[in-house]
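S.K.: Prediction below, plus the sequence it came from.
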Amino acid sequence: MGNDGRFFGTVAFGFGIDPVTLTTLRILISAGTMLIPIALFKRELLKVERKDLPLLLIFGILAVAFQRIAYFFTVDFTTPTTTAVLFYTYPAFVTIYAAVFLREKITFTTVFAIILAFLGSVLVVRAYESS
């Protein structure tokens, strides 16, 4: 989403569009953009086994829609810097949560990626500058 999401989100909020409506429009437009060509040229990619439908729906609603709604609420209620830090570090927090509470193994590469995410956040918020 990057800067485009913050820019369009800020503009949309200026016109009174709420985060849920903006998220709905974004998902519908992106789904249409992807589904129409797939339906026309690679229809077999749209086949989903019946047993996978509940998980697909749960993932689509909880993981994707709620994350995007939360993102636009963050854009609406905080600064772009806070939004960027939260958006780009949440995978690190999820990874740490999975390691601590779900006992998932973390590799050296994962630890390195988490360190880079936090260093990137330091650069975004300009923590190196004294006030």
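M.R.: Thanks, I have it.
S.K.: Outline the domain layout of the protein.
M.R.: Listed by automatic domain parsing, the domain ranges of the chain are 1-77, 79-131.
S.K.: Turn these into JSON lines, columns for mean pLDDT.
M.R.: Listed next are these as JSON lines, based on pLDDT from 0 to 100:
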{"stretch": "domain 1-77", "mean pLDDT": "80"}
{"stretch": "domain 79-131", "mean pLDDT": "84"}
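S.K.: could I get the ones you listed as TSV with mean neighbour count?
M.R.: Any C-beta I mention is one placed from the backbone N, CA and C, and that applies to glycine too. Below are the domains of the chain laid out as TSV (neighbours: other Cβ atoms under 10 Å):
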stretch	mean neighbour count
domain 1-77	13
domain 79-131	12
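S.K.: which residues in this protein form helices?
M.R.: With helices called from DSSP state H, the chain shows them at 2-14, 19-41, 53-58, 66-77, 80-101, 108-125.
S.K.: Which elements pack onto the second one?
M.R.: Contacts defined by 3 or more Cβ pairs under 8 Å, 6 or more residues apart in numbering; DSSP states H and E place helix 19-41 against helix 2-14, helix 66-77.
S.K.: Off-centre distance for the last one?
M.R.: Centre-to-centre, helix 66-77 and its host chain are 9 Å apart (Cα atoms, centre = their mean, to the nearest Å).
S.K.: and the angle for it with helix 19-41?
M.R.: Relative orientation of helix 66-77 and helix 19-41, computed by axes from the mean of the first three to the mean of the last three Cα atoms, to 10 degrees: 140 degrees.
S.K.: Would you mind writing the CA trace of helix 66-77 as CSV?
M.R.: What follows is helix 66-77, C-alpha atoms only, in CSV (Å, rounded to 0.1, in the frame of the first residue of the first chain):
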residue,chain,number,x,y,z
PHE,A,66,-9.8,-6.1,9.2
GLN,A,67,-6.1,-5.3,8.5
ARG,A,68,-7.0,-2.8,5.8
ILE,A,69,-9.8,-1.2,7.9
ALA,A,70,-7.4,-0.9,10.8
TYR,A,71,-4.8,0.7,8.5
PHE,A,72,-7.2,3.4,7.3
PHE,A,73,-8.4,4.1,10.8
THR,A,74,-4.8,4.6,11.7
VAL,A,75,-4.4,7.0,8.7
ASP,A,76,-7.5,8.9,9.8
PHE,A,77,-6.6,9.2,13.6
